[in-house]
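Visitor: Sequence and predicted structure below; questions after.
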Amino acid sequence: MNIRLILNGKKAGIELLRQSIFQARESGSIEVRVTWEGGDVERFVREAIQEGCQRIMIGGGDGSVKEVVDAMMKFDEAQRPELAILPLGTANDFATACNIPADYSQALSLALNGQAVPVDCIKANDEHFMNVASGGFGAYVTASTPVELKNFLGGGAYTLHGLLKTLDFKPNDGVLTIPDHTLTGRVIVSAICNGRQAGGGQQLAPNAKINDGLMDVVAWLETPAESLIQTIKEMFSPELSGEYVKRFSVPWAEWQSKSAMPINLDGEPIETKHIRFEVVPKSIKLVLPQNSEVI
């Protein structure tokens, strides 16, 4: 197996990682490309495809996975290489939910020897992502959490920073349209989930599958103070769609609002008044362990 490892440049200096790559080369061919600036991932993906590479491995966090998937989706399905993941981010939410090992050597061994499974990605207007798009407060927290805090606390940085930002946040007023249903109201948090978790281990869609052709939509509507206990119960009842926490499994969803809503696509912050999400079924061939719970 010939693997092209696209490595986030911020992680290239980790000595244990370098040693693990050298050791893994005893079992197969691993060529490394290190990113330096914007556009490198797309360029490396294009070069790998042009050179007939069978499998790409992305070394980075959820944002790096999003970037490589977005680049791969610009090619026809028959041209896309298989994809493996080397988790190197702050939270690695997608890889964690997929049961991809955090240990460098184990992740590299999986990339060299594991089987690829066709899984879904989600198209958001003109972009693609693998894990979760968060809107409203969740996106606000992710975008505003300082890099230094993430490096120091890891995934827990999102929780701490979220608590500090709670009082400053104002809900977004808009319309969420899904097949056979329209939801109008003020949204505190929304999430479009292909994967199961985001924000450093927060379980948004704990039963989500990444090969079922559906996305899990979670919308937490503005809640009156007297209904807070009910809302908390609804938040921790993933099987139910309640009065204030709505849950749907659908192939597409569309958001429209008068003012721009902060949205985070696997770590990439944007603001928009209108966005359409569509599942692209079984569009990425992802290397997964046999015990993966998301398929």
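Guide: Received, thanks. Residues are numbered from 1 along each chain as shown.

Visitor: excluding its backbone neighbours, what's nearest residue 281?
Guide: The shortest distance from residue 281 to any non-neighbouring residue, by C-beta to C-beta, 6 or more residues apart in numbering, is to residue 213 (4.4 Å). For every residue, glycine as well, the C-beta is placed using N, CA and C.

Visitor: Could you look up the SS state of the one you found?
Guide: Under DSSP: H, G, I helix; E, B strand; the rest coil, residue 213 falls in the coil class.

Visitor: what helix or strand does residue 45 sit in?
Guide: helix 40-50 (DSSP states H and E).

Visitor: which secondary structure elements does that helix contact?
Guide: strand 2-7, strand 29-34, strand 55-60, helix 62-72 (3 or more C-beta pairs under 8 Å, 6 or more residues apart in numbering; DSSP states H and E).

Visitor: Tell me who's in contact with the nearest residue to residue 179 once chain neighbours are set aside.
Guide: Nearest non-adjacent residue to residue 179, counting by C-beta to C-beta, 6+ apart: residue 250, 5.5 Å away. Shown in contact with residue 250 (C-beta atoms under 8 Å, 6 or more residues apart in numbering): 178-179, 214-215, 217.

Visitor: Over to residue 283?
Guide: 73, 77, 80, 118-121.

Visitor: and residue 18, what are its phi and psi?
Guide: phi -60, psi -40 (degrees, to the nearest 10).

Visitor: Which element, helix or strand, includes the residue lying closest to residue 257 once chain neighbours are set aside?
Guide: Closest residue in space to residue 257, ignoring its immediate chain neighbours: residue 174 at 3.1 Å, by C-beta to C-beta, 6+ apart. Taking DSSP H and E as the criterion, residue 174 maps to strand 172-178.

Visitor: Does anything pack onto the helix or strand just after that strand? Which helices or strands?
Guide: Downstream of strand 172-178, the first helix or strand assigned by DSSP H and E is strand 181-193. Judged by 3+ C-beta pairs under 8 Å, 6+ apart, strand 181-193 is in contact with strand 132-136, helix 137-144, strand 172-178, strand 215-221, strand 252-265.

Visitor: Apply 7 Å and report the result again.
Guide: Here strand 181-193 touches strand 132-136, helix 137-144, strand 172-178, strand 215-221, going by 3 or more C-beta pairs under 7 Å, 6 or more residues apart in numbering; DSSP states H and E.

Visitor: Show me what secondary structure element comes after that strand.
Guide: Going C-terminal from strand 181-193, and assigning secondary structure by DSSP H and E, you next hit strand 197-198.

Visitor: Given that next one, what are its sheet partners and their directions?
Guide: In the sheet, strand 197-198 lines up against strand 202-203 (antiparallel) (DSSP bridges).

Visitor: and residue 226, what pLDDT?
Guide: At residue 226, the model reports a pLDDT of 72.

Visitor: Got the phi and psi for it?
Guide: phi -70, psi -10.

Visitor: ok, back up a step: buried residues, the helix holding residue 45. List them.
Guide: 40-41, 44-45, 48-49 (16 or more other C-beta atoms under 10 Å).

Visitor: Distance to residue 222 for the residues you listed - can I get that in CSV?
Guide: As requested, these are arranged in CSV below (distance: C-beta to C-beta, whole Å):
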residue, distance to residue 222
40, 42
41, 38
44, 44
45, 41
48, 46
49, 46
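
Visitor: now, the most widely separated pair of those residues?
Guide: 40 and 49 (15.0 Å; C-beta to C-beta).

Visitor: So residue 227 sits against residue 221, correct?
Guide: No - assessed by C-beta atoms under 7 Å, residue 227 is found out of contact with residue 221, at 10.1 Å.

Visitor: More neighbours: those two, which one.
Guide: Neighbours were counted for residue 227 and for residue 221 using other C-beta atoms under 10 Å; residue 221 has more, 20 against 12.

Visitor: And the pLDDT at that one?
Guide: For residue 221, pLDDT reads 79.

Visitor: circling back: ok, so of the contacts of residue 283, who is nearest residue 89?
Guide: With C-beta to C-beta as the yardstick, the closest approach to residue 89 among the contacts of residue 283 comes from residue 121, at 17.8 Å.

Visitor: what about the one helix or strand that closest one maps to, distance to the chain center?
Guide: Secondary structure assigned from DSSP H and E places residue 121 in strand 115-124. In terms of C-alpha atoms, centre = their mean, to the nearest Å, the centre of strand 115-124 is set 12 Å apart from its chain centre.
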